[in-house]
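Enquirer: predicted structure and sequence below. I'll ask about it afterward.
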Amino acid sequence: MSPRRIILSLAASLVLAAAPLSAQLDFGKLSKGLDKLKQGVDTAKDASKVAKGVTGIGPEEERQIGDAVALEIIAKYGGVVRESDVMHRVNLVGQALARYSDRPDLEWRFAVLASDTVNAFSAPGGWVFITRGLYERADSDDTLAGILGHEIAHITNRHALKIVERNEAAAGGKSLLLKRSSEARELNAQVQQINAQLGVDIGGLVKAIVETGFDAPTEYEADKDGRQLAVTNGFAPGGLRAVLANLKQTGENRKTMFSTHPPLAVRIQKLPDEPAPPAAPKPLPAKLDPAGNAGILARLGGAVVRSVATDDASAWHQHGEGEVLLQALGAAVQVEFREGAVVLAPGEFVLVPRNREFRLVAPAGSRVLAIAPGAVAFD
């Protein structure tokens, strides 16, 4: 991972840490947002200008139209996945990309749709969706960045709003909220008012995005710009190409995979021929050494992770190679120093400074997890 990518990931982590996961995707605000849009239209001097061209859609109108489109997409694809680890990963990568996109000022929101289809969508104002079926095929952050970068490019290039400008949103697109809850029906009524007052057919726009899709040149532009955005942020340049190639290899089903996109082979051909990034390694379970020896569990760079079995009291140790982390596993362990002792309850750990003498005192058969430089030996 490049230093720039580390910095960006840290920045995204700080952004996410500032707000709980539930606040990162607050759909409850959409109802208020639609009300606010309606009020804005009611007081506008010339609301019809919105329907005349994309230049007439200001930031507030774009955001609220995007909210209405997002509601319809969520309804069509069965809601969103709420697992915290999934939300965190998608937002960590997505927010890092969005921060350095051409429109970092948007209220960017990223979510995984609870659908096994293989696709991704975006809505004006900063909404980016990836289906669970596609998310599970993104085997590294590099491939995920390629996918999200493509959708971010649709938004920064205002592709959906250009559909409105050209008046190509098919009229009569059926709302998916009609047969939902009473709150959804209320939202639907508000969406219909927006349709009438702004001259924007939300249902038709959703249909154009998720059923008809953007035309081929637009998709190729999003591939190109999305790849460049990922590269600029330190992700491997071959991420998007790799996921497309993987999907092509496993068999392209136009009914479930990128059904609104150009053929995978053409998209791959138009991207630079770059090597696929390595897949993220899957963690494997490790077992403690049953023989009671100082078994090596794993290696972390120059450090070694060991399970150390105690026998009442060990010999005194002093290591000049580096610090040693000791964690009690199944029973309390006492770490004695010349200056005094520290008692570790199961799960607690202590960091022993370089050149500090210590020994372990614990009932025979107790276990200690030790992380230390490879040259450090335990009796």
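Expert: Now that the structure is in, tell me what you want to look at.
Enquirer: what's the nearest residue to Ala120 once chain neighbours are set aside sitting at in phi/psi?
Expert: Leaving out its chain neighbours, the residue that sits closest to Ala120 by C-beta to C-beta, 6 or more residues apart in numbering is Ile130, at 4.5 Å. Using the backbone N, CA and C atoms, a C-beta is placed for each residue, glycine as well. Phi and psi for Ile130, reported as degrees, to the nearest 10, are phi -130, psi 130.
Enquirer: quick check: Ile130 touching Val90?
Expert: Yes - the criterion here is C-beta atoms under 8 Å, and Ile130 meets it with Val90 at 6.8 Å.
Enquirer: which residues do those two both contact?
Expert: Listed as contacting both Ile130 and Val90 by C-beta atoms under 8 Å, 6 or more residues apart in numbering are 110-112, 144, 148.
Enquirer: if you rank those by neighbours, which is first?
Expert: Counting neighbours by other C-beta atoms under 10 Å, Leu148 leads those with 33 neighbours.
Enquirer: which residue is the nearest non-sequential neighbour of that one?
Expert: In this structure, Leu148 finds its nearest non-sequential neighbour in Gly94, 4.9 Å apart by C-beta to C-beta, 6+ apart.
Enquirer: in contact with that neighbour, which residues?
Expert: The contact partners of Gly94, by C-beta under 8 Å, 6+ apart, come to 108, 110, 128, 148, 152.
Enquirer: number of residues surrounding the last one?
Expert: Using other C-beta under 10 Å, Ile152 has 28 neighbouring residues.
Enquirer: quick check: mean pLDDT of the strand or helix carrying it?
Expert: Secondary-structure element containing Ile152, defined by DSSP states H and E: helix 141-156. Confidence over helix 141-156 (mean pLDDT, whole number) is 96.
Enquirer: which helices and strands does it pack with?
Expert: Helices and strands touching helix 141-156, by 3 or more C-beta pairs under 8 Å, 6 or more residues apart in numbering; DSSP states H and E, are helix 84-99, strand 120-123, strand 127-131, helix 216-232, helix 239-250.
Enquirer: which of those sits closest to Glu321?
Expert: Nearest of the helices and strands packed on helix 141-156 to Glu321, taken as C-beta to C-beta: helix 84-99 at 34.2 Å.
Enquirer: compute the inter-axis angle for the closest one and helix 141-156.
Expert: Between helix 84-99 and helix 141-156, the angle comes out at 50 degrees (axes from the mean of the first three to the mean of the last three C-alpha atoms, to 10 degrees).
Enquirer: just the CA trace of helix 84-99, in CSV.
Expert: C-alpha atoms of helix 84-99 as CSV (Å, rounded to 0.1, in the frame of the first residue of the first chain):
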residue,chain,number,x,y,z
SER,A,84,-21.4,-3.0,10.1
ASP,A,85,-18.3,-4.6,8.6
VAL,A,86,-19.7,-4.4,5.1
MET,A,87,-20.9,-0.8,5.6
HIS,A,88,-17.6,0.2,7.1
ARG,A,89,-15.5,-1.3,4.2
VAL,A,90,-17.7,0.2,1.4
ASN,A,91,-17.7,3.7,3.1
LEU,A,92,-14.0,3.5,3.9
VAL,A,93,-13.0,2.9,0.3
GLY,A,94,-15.8,5.1,-1.1
GLN,A,95,-15.2,8.1,1.0
ALA,A,96,-11.5,8.0,0.3
LEU,A,97,-12.3,8.1,-3.4
ALA,A,98,-15.0,10.8,-3.1
ARG,A,99,-12.8,13.1,-1.0
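Enquirer: in it, what's buried?
Expert: For helix 84-99, the neighbour count (16 or more other C-beta atoms under 10 Å) marks 86-87, 89-98 as buried.
Enquirer: right, and Phe358 touches Trp316 too?
Expert: Yes - Phe358 is within contact range of Trp316, at 7.2 Å (criterion: C-beta under 8 Å).
Enquirer: who has more neighbours, the two?
Expert: Just comparing Phe358 and Trp316: by other C-beta under 10 Å the higher neighbour count belongs to Phe358, 20 against 13.
Enquirer: contact partners for the more buried one?
Expert: 316-318, 324, 335-337, 352.
Enquirer: closest to Ser307 out of those residues?
Expert: Nearest member of the contacts of Phe358 to Ser307, counting by C-beta to C-beta, is Val324, at 14.0 Å.
Enquirer: ranges for the strands of the stretch 251-379 of the chain?
Expert: For the stretch 251-379 of the chain, the strands defined by DSSP state E, counting those that start in this stretch cover 295-300, 303-309, 312-313, 324-328, 333-337, 340-344, 349-352, 358-362, 367-373.
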